[in-house]
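K.L.:
Below is the sequence, then the predicted model.
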Amino acid sequence: MVLAAIPALAEGADGAPATKTVEELGQLSIEELANVEITSVSRRPEPLSQAPAAIYVITGDDIRRAGAESIPEALRLAPNLAVARVDASTYAITARGFNHSTATANKLLVMIDGRTVYSPLFAGVFWDVQNTLIDDIDRIEVISGPGGTLWGANAVNGVINIVTRSSADTQGALVDLREGAIDRSAGVRYGGTLGDNATYRIYAMGFERGHTLTLDGHGARDSWDNVQSGFRVDWKEAADAVTVQGDLYHGTVEDVPLEVDQGAIGGGNLMARWSRDLGNGSALSAQVYYDRAWRDLSSGIRAVVDTYDFDAQYGLVLGRAHDLVVGGGYRATRDTFQPGPGTGFLDPPSRTLQLANLFAQDSVALADRVRLTFGLKLENNSYTGLEYMPDVRLAWQVSDTALLWSAVSRAVRTPSRFDRDLFITGILAGGSSFESEDVVAYEVGYRGQPLPSLSLSVSAFYNAYDNLRTVEATSPVIFPLVIENRMEGNGYGVEAWATYALAPWWRISGGLSTLHKNLHLESGSHDAFGVSFAGNDPDFQFQLRSSMNFGPDVEFDVELRHVDDLPSPPVLAYTALDARLGWHVTDQLELAIVGSDLSDPSHQEFASPTLPGREIERSLYLSAVWKS
Amino acid sequence: MRTLLARLATVLLFAIPGAGHAQVALEYAIKATYLYKFAPFVEWPPTSFESPTAALNICIVGADPFGATLDQAAAGQRAAEHPIAIRRLASPAAGCQIMFVAGPADVIAPVLDAIRGTPVLTVTDAPSGASTHGIINFVVEANHVRFDIDDEAAARNGLVISSKLLRLARAVRQRP
């Protein structure tokens, strides 16, 4: 717990454009075509798959066909993400390296409907409290690379934007029941209209996640459960659209690693978003939200984080040549951290961190088929003051079926409370001079349709890292350790994915990613933990998926995924097989049987220096989804 | 070294090729995809096709808003045993099973009049307030491409539209 806190970035950004090739559209059913969003968040008509970035879009239908029961499981579908299940409630998820278990890798920005979901206190995303009704997810946009969106998000290695469906798309009643040997869940939802211009939905859901296994095969004490309820209202009149949404959740967790008693987690959020279409592709939007998240652990630790955020954005299209977006925002996060006996404490125990940002981006048509996008975000935070994040991207539509793109960008990861303010008497004395980590990333990519039934996307990256976190021994006596920034280096690799339609009823898709990291300590560093502590990443991973439709009513999906060895602490490479057989019994009822990790009775996916290893068991569940 | 890389990258990024076609909008790619995906949900009278494996012709009448995207989308596609073929026409002609009519209302109206009563699935993307629509009219609503169906006009043209497609439509004018 002590040194596991990896701070995350303190920035929310708008969603990225959803991209589709003609080939990908052709593989959608007629219902799915109606669900494709044709403009990005800025409400500008989106060019067909011209976004100059490595973006993978997981559609709601992909998630349904994979039988994913939670957002982290849905994220396994993205070939440009490393997703490792640590135990029953914890996942280690990152893009392009630096995966870490106690909180999500700090180099990834995650948002749900534009609301940032990391904890600036613990530094990272607690995936156990990021839940929605699976059927409410419209798509998940996974962007690997900094400045993931074209509007200067300052995520260092990637951005995940989970977008839920408008209440207009979730009308009527829904009941979703899943029962398995390890996990079970139930969800209900109802959507209706409010007058002529508004729609709404309300939902309630609950689930139990069973325990995983310890490395010697006994049941671990990590089972947990959660209930959540929420609503969404969407109102539209002429050029104005307003959305108000909120959720409340509460869960109990068995506490790892102390394995005594139980802990509780809970929280909620309320968000309001307004946009106005000004015509000619110009638009104005603003959003405000409040989020509270608390954790009450049996070790006596209690942590509460309150977030208040306001963002606004204005998009302007000047003829065919310029596409300008400017915006800004302010966020305050107030945290309170009560330590338990024998754990570290934060000094001060409670603090309000403030973040303000301004950004501007222009997308210029240099020629009929070439577009240059450049932007800059300026951000001021309570710890390090002003940070700058520039981004330049070039997109060249080489032919109607091929796009080449390249990008250079800089991003920073600002300090969190655990970087700066964490003390363990006699052992750790905070990090009063801890600065932001930074990366300069160089990327190139290709996206296109080399054959009529084949769509392909390939990207390569080289990230130059500086000022990475280290825990320094202050000479000559080792203790107390101090947190500083004395690691640097680079990471490079390739990400690729493709979809091929073997037949109108049979589609296969695959993806792979590779990573090579060269990190070293700066001269004069006395880092206590070494370079391997920065993250536990495999050299490569790949996945292969087959989706078959037998007639209009039966679906069969199989996925094979392979992750190479993790270096330190070591975890063996594994290959997992998942499958789902779905049957549309009637127009309203869908039954399915889903098997996960079928090829091995159990396997380990991650290991960290601070948490005991756990193995994930093979599992099976049945689901019934009924819609009115 | 880092500065050199950065400078090199800046130079590489500015490779400018020659001219080309206009950018294709996602909206029109979706409409192009819909055009052939409608086919399995529509029943034409048996005499509409010369043979069970004759081509199903999607004809574009008027200024073509799709360009090469439509040809790409329809390449290799079939409806039952009929391969999909794209034809571009200046004025309505026989032999079209699906006809997309482009242009303003005063251009669309005479075209629709000319083929009324013949087994053609007419498709338009006129503004929803206008009075001249095809059997299927595309509507962009809340960021999505949807469509309205005039089943009464379909009945007049001798076509039967599957209830599944009617259910997916945003609005349906029922046949009498």
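P.N.:
Structure's in. What do you need?
K.L.:
Touching, A:Asp600 and A:Leu572? I think so.
P.N.:
No. No contact is recorded between A:Asp600 and A:Leu572 when judged using C-beta atoms under 8 Å, the distance being 10.7 Å. For every residue, glycine as well, the C-beta is placed using N, CA and C.
K.L.:
more neighbours, those two?
P.N.:
A count of neighbours by other C-beta atoms under 10 Å in any protein chain shown puts A:Asp600 above the other of A:Asp600 and A:Leu572, at 14 against 10.
K.L.:
what's in contact with stretch A:233-250?
P.N.:
With contacts defined as C-beta atoms under 8 Å, 6 or more residues apart in numbering or on different chains, stretch A:233-250 is touched by A:113, A:129, A:131-132, A:164, A:166-168, A:194, A:197-200, A:226-232, A:264-279, B:142.
K.L.:
Out of the residues you listed, which end up buried?
P.N.:
Using 16 or more other C-beta atoms under 10 Å in any protein chain shown as the burial test, those include A:113, A:129, A:131-132, A:164, A:166-168, A:198-200, A:226-232, A:264-271, A:273-277 as buried.
K.L.:
returning to what we had before: among the contacts of stretch A:233-250, which are in strands?
P.N.:
Helix and strand membership here follows DSSP state E; of those, those in strands are A:164, A:194, A:198-200, A:226-232, A:264-279.
K.L.:
can you map out the helices along chain B?
P.N.:
Counting by DSSP state H, chain B forms helices over residues B:2-13, B:26-37, B:68-74, B:105-115, B:151-156, B:163-168, given from the N-terminal end onward.
K.L.:
List the contacts of the last one.
P.N.:
Residues external to helix B:163-168 that are found in contact with it (C-beta under 8 Å, 6+ apart): A:Ile30, A:Glu31, A:Ala34, B:Phe38, B:Phe41, B:Val42, B:Ile149, B:Asp151, B:Val172.
K.L.:
Ok, the fifth one next?
P.N.:
Contacts to helix B:151-156, defined as C-beta under 8 Å, 6+ apart, come from residues B:42, B:116-117, B:121-122, B:133-135, B:160-161, B:166, B:172-176.
K.L.:
Out of those residues, which sit inside strands?
P.N.:
Secondary structure defined by DSSP E assigns B:Val42, B:Leu121, B:Thr122, B:Val160, B:Ile161, B:Val172, B:Arg173 of the contacts of helix B:151-156 to strands.
K.L.:
which residues touch A:Glu387?
P.N.:
Contacts of A:Glu387 were listed using C-beta under 8 Å, 6+ apart, and they are A:Asn154, A:Leu378, A:Glu379, A:Asn380, A:Asn381, A:Val412, A:Thr414, A:Ser436.
K.L.:
quick one: contacts for the fifth one?
P.N.:
Shown here is A:Asn381, whose contacts under the criterion C-beta under 8 Å, 6+ apart are A:Ala10, A:Leu353, A:Gln354, A:Leu355, A:Glu387, A:Thr414, A:Pro415.
K.L.:
Can you say which of those residues are buried?
P.N.:
The neighbour-count criterion (16+ other C-beta under 10 Å) marks A:Ala10, A:Leu353, A:Leu355, A:Glu387, A:Thr414, A:Pro415 among those as buried.
K.L.:
Could you single out the nearest of the residues you listed to chain B?
P.N.:
Distances from the buried ones among the contacts of A:Asn381 to chain B were compared by C-beta to the nearest C-beta; the smallest belongs to A:Glu387, at 18.1 Å.
K.L.:
Check the gap between that closest one and A:Val439 for me.
P.N.:
Here the criterion is C-beta to C-beta, to the nearest Å. By it, A:Glu387 lies 12 Å from A:Val439.
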